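Participant: What would the 3D arrangement of this be:
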Amino acid sequence: MPRAIPYPIRQDIIQRHQAGQPLSAIAHELQLSYRTVRAFWQRYRTSGDAGLQTHYLHCGPVQRTFPYDVPLCQDRKRGRSSVHVFPFS
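Facilitator: Residues are numbered from 1 along each chain as shown. Have a look, this model is predicted:
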């Protein structure tokens with residue numbers, strides 16, 4: 001997975017392009033791909049400053065939730081009786 005581009009660099013891309021610098025020159029100077037720089041410019045044009053915000057909360061493993069009580073399952077696996085009832089039974 002490619003590295004994330006920090007928010008200040010995203011803002012710098014926009015400021016440079018608004019000042020008249022071509023996207024290809026910005027990409028070359030910041031050592032980014034042209035597609036990345038163009039994508040940030042397009043996101044800024046469609047969504048404004050909100051389009052530049054990072055979405056780091058969407059990265060990483062997904063926290064799984066179970067529809068039942070895990071200790072209950074462990075008890076049943078070990079042969080212990082329990083008064084709990086599965087919510088979907």
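
Participant: low pLDDT regions in the protein?
Facilitator: Residues of the chain meeting the criterion pLDDT under 70: 1-2, 55-89.

Participant: which helix is the longest one in it?
Facilitator: As assigned by DSSP state H, the longest helix anywhere in the chain is helix 34-47.

Participant: Show me what counts as buried in that helix.
Facilitator: Using 16 or more other Cβ atoms under 10 Å as the burial criterion, the residues of helix 34-47 that qualify are Thr36, Val37, Arg38, Phe40, Trp41, Arg43, Tyr44. (Each C-beta comes from the backbone N, C-alpha and C, glycine too.)

Participant: From those residues, pick the one nearest Arg10.
Facilitator: Of all these, the one with the least separation from Arg10 (Cβ to Cβ) is Phe40, at 5.3 Å.

Participant: From what I see, that closest one and Ile5 are in contact.
Facilitator: Yes - Phe40 sits in contact with Ile5 when judged by Cβ atoms under 8 Å, with a separation of 7.4 Å.

Participant: Does the closest residue to Arg16 other than its chain neighbours lie in a helix or a strand, and which?
Facilitator: Computed as Cβ to Cβ, 6 or more residues apart in numbering, the closest residue to Arg16 that is not its neighbour in sequence is Ile26, at 5.0 Å. Ile26 is part of helix 23-30, with elements assigned from DSSP states H and E.
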